[in-house]
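Enquirer: Fold the following for me, if possible:
(chains A and B)
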Amino acid sequence: MQLRRCRRNAIVVLASKGFAFALSVLLVASWHSRACRADELQQAAERYRPYMVEQIDQSLAGARALRERLTAKDLDGAKREWIAARTGWERAEVFTAGFVPDLDGEIDAWPNAVMGFHAIEANLFGRAPGDAGERTDALIFHLADLDVKVHLMTLTPQGLLNGTARLAYEIGESKSDGGESRLSGTSLDDMRNNIDGIALAYQVIFAPAVEAQDPQLSQAAETKIMQLKELVSVDDLRKLDPDKLRKTSEELIVALQNCAPKIGLRAPTLEEISQ
Amino acid sequence: MRRRGEFGCAVAACVLALCLPTPAGAFPISGDQTVLPAGSELNEDALLVPREVFKSEVQGGAKSYLVKLGDMAFSDPGILGDVARRAGVSCATCHMNGASNPKLYIPGGSSKPGTFDTTGALFNPKADNHVLDPVRIPSLRGARYLAPYGHDGRVASLRDFVRNVIVREFAGPEPSPEVLDAIVTYIQDIDFLPNPKLGPGGRLSAQASDAERRGEALFARPFPHDPSLSCAGCHPPSAGFLDHQVHDIGSGGLFRTPTLRNANFNAPYFHDGRYDTYVEALDHFDRVFGLGLAIDERHDLIAYLNAVGDGLRPYERDNSVARLREIDEFASVLTDAIPGHDRDVVALAVDTVGGELRELIERIPDIKDTAVTEGRDERRLARSALKDVVLSLRRIDLAAGSGNFDDAAAAYENVRKLMAAAIPAVLAKAEPWSLFNPAVHDVHFAALRQLLKLTDNLQAKAATKLP
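Expert: Below you'll find the predicted structure:
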């Protein structure tokens, strides 16, 4: 009896040692898997950086062209360049609010028309008093600053996911008052470029990882992005369907929230809050 | 409280401009493309909203499910059809908190603020009579006592009238019987503001002044040229100051007698809103009916009308607590709708409550609003928490839409928890830096006004300083 009990205890000890070992292996594997995923995501974020650089380069080049048109006293040309400079900027909004909030305020403050794109918009498309040239100089200064920072800033997949979701929420905001760029009548362009920025960020940074973990989830996010693109493919802001836009933007965020834990991230926050 | 009233006439004008056949390009809000009537101001009164009193609560009870559902549907642009939905116009746009909206102005559909042409082409081309004949936007306070309905009193039933507004005037989809019942129940629950100057039988109470009492006597005095008529004949004090009849009072046809209760807050007056004051309305009667009123008598009658038309605390401050209370009430219909597997009501609640939450979020300036410099963390936290609720609501809709009501219930539980504790706490902290604070409100809207009034393409070249 004594011997049997000892043997049984020995088996239990051996079994528990085996279990502990297996558990350790699983934990290590899980940790290793998470670490690999995190590493892959970080690499994906770095793959996104050239696009960020390209977007800011494009916006900066547009702002410089705008300045040239102003110097040439070519108002129509200046308006065209202002609109062109917005393209890169609106795509870059995936990361600007979260990674460079102060510069974001300098470049794209709203509604106060004292600085940034919208101050110049009021000069060019409205009849705002003020020096469009001086304001464009300031815009170029800030965009150039961002152009440097965008090469150097530490990118985090979580921050980029937050920015992607935040921008998706903004797309669902009411544009019934004419939207952000109401003076130039280009709010619809803003939205299209925002969605292009979202699509690019999702596809470059997150889609491969989500696809590997849960193809259905990835498909759900891609579908919502496509639906958003279709919704803004109207020729006039007045033809937007605000309810569908809002619903689809929120469904995209829900899809991103569902994706997040699959790739080792937290559900995205829709405001940049100090952790 | 309702968003579409937030900007008063300006927002109504703006949103509707989206539906009008204006040229594409810059948004037509000012300058040569102005859609605002002369003298309009942007959001001047947004901090004060009409106070809404409910019979069910006055009697010590609580609003029923139907009242809450009706109140919510009343705030949902979707029930009024596609044009209204795109423009963000709901019943509550015209009838803010069940009162009138004297600032509402619709370009091409209003002759002056507080009026709207219900037989124009804007919302329903089939209803267009090709005449610009706007009518005054009425208050719905005490509507259950005010039959028949319509300025010409053509509809006996409030239910029929509400349906007619939705389906005929706005070309909205046929409302479900439940939603129609709910809207009618909600309207019937809107009470008059209490008026301590009125006693039993509509007589003046003890606190009335001598002038008001003299006015009361004049009100009942027969007209000199036709003793069968008097003011009180059509506006009997003992019957809520209306006789439920239509009359020709020389204003261009037969029109229903309006009540005088709470009328101090219902300007403009007459069916087409032609008069802005009691003085002007009294001038009309004096002229048409040859009343021959002496100056003192006019003063006394006006004093009486002001006493009868008064109401306690007609306006209240808009703030996050009031907004949350309303949102919470709207959301509470989900308590019944989810277990009842009522997908339509779930979808309606998600859309309406989500929309109201988004409106509330806009009252907390984004960090990009550099006109507001303080409270950045507080604003971010509040905005973030409110957005979480918006997304939880969307999860409810997604789950219910796919028939998964257990998941919908779980997401709703999350909404209830957030609304009970976290949301009030973060909103209270953000409120000093929100648009509910008059100082922040003024700074924000000063910036917006400056931006908007600067739009004028024709003058752009002259005013823009090019180097």
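Enquirer: what's around B:Pro196, how many residues?
Expert: The local packing of B:Pro196 (other CB atoms under 10 Å in any protein chain shown) involves 12 other residues. Yep, even glycine has a C-beta here, placed from its N, CA and C like the rest.
Enquirer: what's the distance between it and A:Asp57?
Expert: As judged by CB to CB, to the nearest Å, B:Pro196 and A:Asp57 stand 70 Å apart.
Enquirer: mind listing the helices in the stretch 251-400 of chain B by residue range?
Expert: B:278-289, B:295-308, B:320-331, B:334-337, B:343-362, B:376-401 (DSSP state H, counting those that start in this stretch).
Enquirer: want to try a markdown table for the ones you listed, with distance to A:Leu237 and mean pLDDT as columns?
Expert: Converted to a markdown table, the helices of the stretch 251-400 of chain B look like this (distance: least, CB to CB, whole Å; pLDDT from 0 to 100):
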| stretch | distance to A:Leu237 | mean pLDDT |
| --- | --- | --- |
| helix B:278-289 | 40 | 98 |
| helix B:295-308 | 45 | 98 |
| helix B:320-331 | 27 | 95 |
| helix B:334-337 | 32 | 97 |
| helix B:343-362 | 18 | 96 |
| helix B:376-401 | 23 | 97 |
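Enquirer: Select, out of these, the one closest to A:Ala78.
Expert: helix B:343-362 (31.2 Å; CB to CB).
Enquirer: do the closest one and chain A meet at all?
Expert: Yes: Helix B:343-362 lies within reach of chain A by CB under 8 Å from any CB of the partner chain, at B:351, B:354-355, B:358, B:362.
Enquirer: so where's the stretch 1-150 of chain A uncertain?
Expert: For the stretch 1-150 of chain A, the stretches with pLDDT under 70 are A:1-36, A:127-130.
Enquirer: rerun that using 50 as the cut-off
Expert: Where the stretch 1-150 of chain A drops to pLDDT under 50, the residues are A:1-4, A:6-7, A:10.
Enquirer: Enumerate the residues of it near chain B.
Expert: Counting by CB under 8 Å from any CB, the stretch 1-150 of chain A sits next to chain B at A:70-71, A:73, A:75, A:78, A:97, A:101, A:104-105, A:108-115, A:118, A:122-134.
Enquirer: tell me which element the spatially closest residue to A:Asn258 that is not a sequence neighbour falls in.
Expert: Spatial nearest neighbour of A:Asn258, chain neighbours left out: A:Leu217 (5.7 Å); criterion: CB to CB, 6 or more residues apart in numbering or on different chains. Using DSSP states H and E, A:Leu217 sits within helix A:215-231.
Enquirer: Report all helices and strands that that helix contacts.
Expert: Applying 3 or more CB pairs under 8 Å, 6 or more residues apart in numbering or on different chains; DSSP states H and E, one finds that helix A:215-231 contacts helix A:187-201, helix A:207-213, helix A:242-262.
Enquirer: Wait, the residue nearest to A:Asn258 touches A:Ala255, no?
Expert: Yes: under the criterion of CB atoms under 8 Å, A:Leu217 makes contact with A:Ala255 at 6.8 Å.
Enquirer: Look at the two and report which has more neighbours.
Expert: Applying other CB under 10 Å to A:Leu217 and A:Ala255 shows that A:Ala255 carries more neighbours, namely 24 against 18.
Enquirer: pLDDT at B:Glu6, what is it?
Expert: Looking at B:Glu6, its pLDDT reads 36.
Enquirer: Pull the contacting residues for the closest residue to chain A within the stretch 201-350 of chain B.
Expert: Going by CB to the nearest CB, chain A is nearest to B:Val350 of the stretch 201-350 of chain B, at 8.7 Å. By CB atoms under 8 Å, 6 or more residues apart in numbering or on different chains, the residues touching B:Val350 are B:393-394, B:396-397.
Enquirer: secondary structure element for the closest residue to A:Glu68 other than its chain neighbours?
Expert: In space, and not counting its chain neighbours, A:Glu68 is closest to A:Glu81: 7.8 Å by CB to CB, 6+ apart. Following DSSP H and E, one finds A:Glu81 within helix A:75-99.
Enquirer: helices or strands next to that helix in the packing?
Expert: Packed on helix A:75-99, when contacts are counted by 3+ CB pairs under 8 Å, 6+ apart, are helix A:2-71, helix A:101-108, helix A:116-125, helix A:157-171, helix A:187-201.
Enquirer: The fourth one - what's its average pLDDT?
Expert: Along helix A:157-171, the predicted confidence averages to a pLDDT of 97.
Enquirer: Now do the residue most central in space within chain B against chain A, distance only.
Expert: Taking CA atoms, centre = their mean, the centroid of chain B lies closest to B:Met96, which sits 1.6 Å from it. According to CB to the nearest CB, to the nearest Å, B:Met96 and chain A sit 17 Å apart.
Enquirer: Ramachandran angles for that residue?
Expert: Phi and psi for B:Met96, reported as degrees, to the nearest 10, are phi -60, psi 120.
Enquirer: And for B:Val83?
Expert: Per degrees, to the nearest 10, the backbone of B:Val83 is at phi -60, psi -50.
Enquirer: Might one say that it is in contact with B:Gly172?
Expert: No: counting by CB under 8 Å, B:Val83 sits too far from B:Gly172 to count as a contact (9.3 Å).
Enquirer: Settle it for me: which of these two has more neighbours?
Expert: Per other CB under 10 Å, whichever of B:Val83 and B:Gly172 has more neighbours is B:Gly172, with 22 against 19.
Enquirer: sec struct for that one, please.
Expert: Of the three states, B:Gly172 takes coil under DSSP: H, G, I helix; E, B strand; the rest coil.
Enquirer: which ones are touching it?
Expert: Contacts of B:Gly172 by CB under 8 Å, 6+ apart are B:79-81, B:84, B:166.
Enquirer: top of those by neighbour count?
Expert: Sorting the contacts of B:Gly172 by how many neighbours each has (other CB under 10 Å) puts B:Ala84 first, at 27 neighbours.
Enquirer: Would you point out which residue of the stretch 101-250 of chain A is nearest chain B?
Expert: For the stretch 101-250 of chain A, CB to the nearest CB, closest residue to chain B: A:Gly178, 3.1 Å.
Enquirer: Please tell me I have it right and that residue contacts A:Ser187.
Expert: Yes: if you go by CB under 8 Å, A:Gly178 and A:Ser187 touch, sitting 6.4 Å apart.
Enquirer: Neighbour count: these two, which is higher?
Expert: More neighbours surround A:Gly178 than the other of A:Gly178 and A:Ser187, with 22 against 19 (other CB under 10 Å).
Enquirer: Could you confirm the more buried one falls within a strand?
Expert: No: per three-state DSSP, A:Gly178 lies outside any strand segment and is coil.
Enquirer: Show me which residues of the stretch 51-200 of chain B sit near chain A.
Expert: Residues of the stretch 51-200 of chain B lying near chain A (CB under 8 Å from any CB): B:78, B:85-88.
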